[in-house]
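sharing a model prediction with you, sequence too.
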Amino acid sequence: MALSNDRILSIHNGQITLSYRDRKDGDRKKTITLDAQEFIRRFLLHVLPEGFMRIRHFGFLANRSKKQALAQCRKLLKLDPASHLSPKQSAKDLLLEITGIDLSRCPYCQKGTMILVGDLPPLSSSSRWDSS
């Protein structure tokens, strides 16, 4: 849900108190107090990068009725109601089954086994193409 001004209840000493609806607790209205930095962090998670467009779902994909509506769609299409469950295979195994590409094999010699030793941090946009 969007954050409108009427949901911000107070701002005092770097603390922001706002109201929200807890859908897991019977849609009860509750309040939460956040540190200013945490509030800004959460707020900015919803700001899209330049060039991106927000898509809002409606109809049978609307969040409010998606579960029931998709179940009804599966029923009308005579599909197995359990078919929407996540596959028991990992993405790596599924890729191997469909394409024959084994992500655990070296892409050059196809003999050695690739082992993940760590993740590289993402490059910041300012250092990505620095030619100096």
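That came in fine, so what should we check first?

rest of the way, CA atoms for contacts and neighbours
Noted.

just the C-alpha atoms of the lengthiest helix in the chain, please, in PDB.
Ranked by residue count and defined by DSSP state H, the top helix of the chain is helix 66-76. Extracted in PDB, the C-alpha atoms of helix 66-76 (Å, rounded to 0.1, in the frame of the first residue of the first chain):
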ATOM      1  CA  LYS A  66      -5.200 -13.700  -6.600                       C
ATOM      2  CA  LYS A  67      -5.200 -16.900  -4.700                       C
ATOM      3  CA  GLN A  68      -8.900 -17.700  -5.100                       C
ATOM      4  CA  ALA A  69      -9.000 -16.300  -8.700                       C
ATOM      5  CA  LEU A  70      -6.000 -18.400  -9.900                       C
ATOM      6  CA  ALA A  71      -7.500 -21.500  -8.300                       C
ATOM      7  CA  GLN A  72     -10.800 -20.800 -10.200                       C
ATOM      8  CA  CYS A  73      -8.800 -20.200 -13.400                       C
ATOM      9  CA  ARG A  74      -7.100 -23.600 -13.000                       C
ATOM     10  CA  LYS A  75     -10.400 -25.200 -12.300                       C
ATOM     11  CA  LEU A  76     -12.000 -23.700 -15.400                       C
END
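
give me the contact list for it.
With CA atoms under 8 Å, 6 or more residues apart in numbering as the test, helix 66-76 has contacts from F60, L61, D80, P81.

those residues: which two are farthest apart?
The widest separation within those, taken as CA to CA, falls between L61 and D80 and amounts to 18.8 Å.

L48 touches I55, doesn't it?
No. Between L48 and I55 there is no contact under CA atoms under 8 Å: 11.0 Å.

of the two, who's got more company?
Legend: neighbour count by other CA atoms under 10 Å for L48 and I55, higher for L48 (10 against 6).

apart from its neighbours in sequence, what residue is nearest the more buried one?
Leaving aside its chain neighbours, L48 sits nearest to R54 (7.5 Å; criterion: CA to CA, 6 or more residues apart in numbering).

and that neighbour, how many residues sit next to it?
R54 sits with 8 neighbouring residues when counted by other CA under 10 Å.

that concludes my questions; thank you for your assistance.
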